[in-house]
Structures are given as structure tokens and as C-alpha cells.
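Visitor: model this:
(one chain, ligands or ions: 1)
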Amino acid sequence: MIEFRGITKRFPDGTEAVRSFDLVVPAHTTTVFVGSSGCGKTTLLRMINRMVEPTDGTILIDGDDIAGRDPVKLRRSIGYVMQNSGLLPHFTVAENIATVPVLEGANRKKARAQALELMDTVGLDRGMADRYPSQLSGGQQQRVGVARGLAADPNILLMDEPFGAVDPIVRAELQEELLRIQREVAKTIVFVTHDIDEAFLLGDQVVILEKGAQVAQRGTPDEIIEDPATDFVASFIGADKGKRALRLKQTPHGTVVVDGEGRTQGALIEDGART
Ligand SMILES: Nc1ncnc2c1ncn2[C@@H]1O[C@H](COP(=O)(O)OP(=O)(O)OP(=O)(O)O)[C@@H](O)[C@H]1O
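Guide: Down below sits the predicted model:
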């Protein structure tokens with residue numbers, strides 16, 4: 001469990017990126033921070049592994065104040081996956097995945113064997129182990145990034161817009177893969193996105209943020225969709241445009257689901273029917 005208590009971050013130029021932020025991130029579930037550009041999501045995430053130090057307040061991991069932890073050790077014990085994967089260009093795929101275990105003193109042969117296993121986990125062909133990042137597609141690079149994040153077998157995985165730079169089809173594939181991996185590994189994941197649909201798909205807990213990391217609403221996707229707390233939230237999730245208020249419509253071919261403007265969003269099928 002990660003706990004933010006009264007966290008404020010003011011940068012030296014006076015920008016208050018985060019103001020008095022409180023939140024409990026339960027273990028073994030996915031919490032998503034979602035909000036517009038500049039609202040403080042990345043700053044919140046980077047304070048968990050001390051890449052950014054808070055100006056005020058306390059962050060606890062499993063009850064321990066992280067201010068008392070060695071920053072380098074803390075950082076290596078937490079997985080971090082970023083947009084554009086952040087891979088080292090002169091390292092092969094396997095070497096990239098094994099970076100942290102090798103830094104931590106793991107035997108190279110063992111680290112490589114583990115990297116190959118992680119390639120299976122994230123759905124990458126082992127034949128790519130000796131390629132360089134520039135020889136992979138954007139989606140494959142992101143898979144390597146996820147494998148690297150998991151390599152030290154961390155309890156916590158931080159993901160900063162990890163699927164932001166890939167096309168929508170690959171993005172949907174990566175989201176499904178992450179859901180599958182999370183069913184297997186059950187890490188405590190903190191995921192940052194500005195895409196509300198991604199937040200609702202991946203999040204057990206979704207935290208909608210406004211400027212200064214002010215919490216507009218926090219809850220499960222169901223709770224937020226059923227009862228948006230404010231006009232801002234309703235607008236952010238598209239409820240005001242009828243995007244979330246779906247109706248059934250009969251057609252000659254069956255029943256479809258339409259949004260507030262009558263646009264077809266999907267077909268209604270019987271439970272247990274083939275999709
Ligand atoms: N090192 C810094 N010095 C000064 N201001 C900063 C610094 N890093 C971030 N900020 C500012 O803090 C605010 C929050 O930034 P942050 O990167 O956390 O937002 P974000 O929600 O992750 O945005 P995005 O979705 O665009 O990445 C912004 O106004 C940003 O300009």
C-alpha cells in the first residue's frame with residue numbers, strides 16, 4: 001500500500017505542481033491518475049520513487065516513510081515504465097530488460113534467462129532478444145519497457161503514459177496485455193494517462209485530477225460513471241455529451257447500444273454468446 005499524506009510540491013521557479021494531496025493506493029490493484037496536461041500526474045508518480053522530492057508531506061510504502069529510504073535502492077526496487085519506453089539504444093533487448101538485476105549484482109547468464117522469460121510474459125518473441133531498440137516497432141519497444149519494469153520483480157510498478165505514443169490498435173493490444181499480466185502478477189500499479197477511456201479500462205481505482213493535483217473525484221470506474229461528482233468530472237468523462245448515457249435501439253439485425261447523440265457504440269449480445 002502506498003499512502004500520500006498532505007503532499008505538496010513546489011518547484012524552484014514557484015510552480016505549485018501538487019497541493020496538499022492525500023490518497024491511499026491499495027496493494028495489488030491498479031490506481032490510475034487521469035487529468036489534463038500539466039495537472040501534476042507525473043510529479044505525483046515521480047515522488048513515489050523519489051525522482052522528485054516533495055516540498056511538504058509524507059509518502060509511506062507499507063507504513064514506512066520513504067524519506068528514510070536510500071533513494072537509489074528505493075528506485076531500483078520499484079518498476080518504472082515511461083512513454084517512449086526509455087530504452088538504452090546501445091543495449092540489446094535482453095540487456096535492456098536485465099539492466100536493474102545486473103546493476104543489483106545478478107549473474108549475467110541468470111539475468112538473461114530471466115529476461116527471456118519476461119519476454120514471454122509480455123508477448124515478445126524470444127528471437128528478438130539480441131536486437132537493438134531501433135530494430136523494433138513502437139509497440140514492441142513498449143513491451144520491452146514493461147518487461148524491464150517487471151525485471152526486478154518489484155511490488156510496485158509505476159507507468160507514465162506507457163502507451164501514449166503508439167497507434168490506437170497497438171495501444172488496445174498493449175492495454176489488454178497489461179490486464180492479462182496484472183491478473184497473473186497482481187502488482188501495485190500506479191498508472192498515469194490523460195485518456196479517460198484508458199483509465200476506466202485499466203483502473204481498479206481512478207483518480208481524476210485538476211490543476212495542482214486537486215482530486216476532482218476518486219472511485220471505481222462504476223462509481224464515477226454512475227455518479228460524476230461535479231460538472232467538471234461529467235464533462236471530463238463525456239457524460240455531459242451523452243457519451244456515457246447509452247440507450248438500446250432495435251435494428252432489423254438485432255439490438256445495438258447508442259450514445260446520447262444516437263451514434264452506435266456496440267451491439268448487445270446474450271451473456272455467454274460468442275463475441
Ligand atoms: N522541474 C520542473 N520545474 C518547474 N515546473 C515543473 C517542473 N516539472 C513540472 N513542472 C510543472 O508542474 C506542473 C505539473 O507537471 P506534471 O509533469 O506533473 O504534469 P502532468 O499532469 O504529468 O502533465 P503531462 O500530462 O503534460 O505530462 C506543470 O505546470 C509543469 O509545468
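Visitor: can you give me phi and psi for Arg19?
Guide: The phi and psi values for Arg19, taken as degrees, to the nearest 10, are phi -130, psi 120.
Visitor: Leaving out chain neighbours, which residue sits closest to it?
Guide: In space, and not counting its chain neighbours, Arg19 is closest to Gly212: 4.3 Å by CB to CB, 6 or more residues apart in numbering. Any C-beta I mention is one placed from the backbone N, CA and C, and that applies to glycine too.
Visitor: What's the separation between that neighbour and Asp22?
Guide: 13 Å (CB to CB, to the nearest Å).
Visitor: I'd say Met119 and Asp130 touch.
Guide: No. Applying CB atoms under 8 Å as the test, Met119 and Asp130 come out as separate, 11.4 Å apart.
Visitor: Those two - which one has more neighbours?
Guide: Remark: of Met119 and Asp130, Met119 carries more neighbours, 21 against 11, as counted by other CB atoms under 10 Å.
Visitor: what's the helix or strand for that one?
Guide: Met119 belongs to helix 108-121 when elements are defined using DSSP states H and E.
Visitor: Helix or strand next in line after that helix, which one?
Guide: helix 138-150.
Visitor: Please name every helix or strand in contact with that following helix.
Guide: strand 78-82, helix 93-97, helix 108-121, strand 156-160, helix 168-185 (3 or more CB pairs under 8 Å, 6 or more residues apart in numbering; DSSP states H and E).
Visitor: tell me the angle that helix makes with strand 78-82.
Guide: With axes from the mean of the first three to the mean of the last three CA atoms, to 10 degrees defining the directions, helix 138-150 sits at 170 degrees from strand 78-82.
Visitor: how about the residues of the stretch 51-200 of the chain near the ligand?
Guide: His194 (CB under 6 Å from any ligand atom).
Visitor: Can you name the residue of the stretch 51-200 of the chain nearest the ligand?
Guide: Residue nearest to the ligand within the stretch 51-200 of the chain: His194 (5.2 Å; CB to the nearest ligand atom).
Visitor: Against Ser36, how distant is that residue?
Guide: Taking CB to CB, one finds His194 at 6 Å from Ser36.
Visitor: contacting residues for Ser134?
Guide: Shown in contact with Ser134 (CB atoms under 8 Å, 6 or more residues apart in numbering): Pro89.
Visitor: Over to the residue nearest to Cys39 when sequence neighbours are not counted: give its phi and psi.
Guide: Nearest residue to Cys39 in three dimensions, chain neighbours excluded: Leu209, at 4.7 Å (CB to CB, 6+ apart). As for Leu209, its main-chain torsions (degrees, to the nearest 10) stand at phi -110, psi 150.
Visitor: The one 3 residues further on too?
Guide: Per-residue torsions, Gly212: phi 80, psi 20 (degrees, to the nearest 10).
Visitor: That one is in contact with Thr15, isn't it?
Guide: No. Under the criterion of CB under 8 Å, Gly212 is not in contact with Thr15, lying 9.6 Å apart.
Visitor: who's more crowded, the two?
Guide: With neighbours defined as other CB under 10 Å, Gly212 and Thr15 compare such that Gly212 has more, 17 against 13.
Visitor: related to what we said a few turns ago, quick check, pLDDT for the residue nearest to Arg19.
Guide: We have a pLDDT of 97 for Gly212.
Visitor: Distance of it relative to Gly38?
Guide: On the measure of CB to CB, Gly212 and Gly38 end up 10 Å apart.
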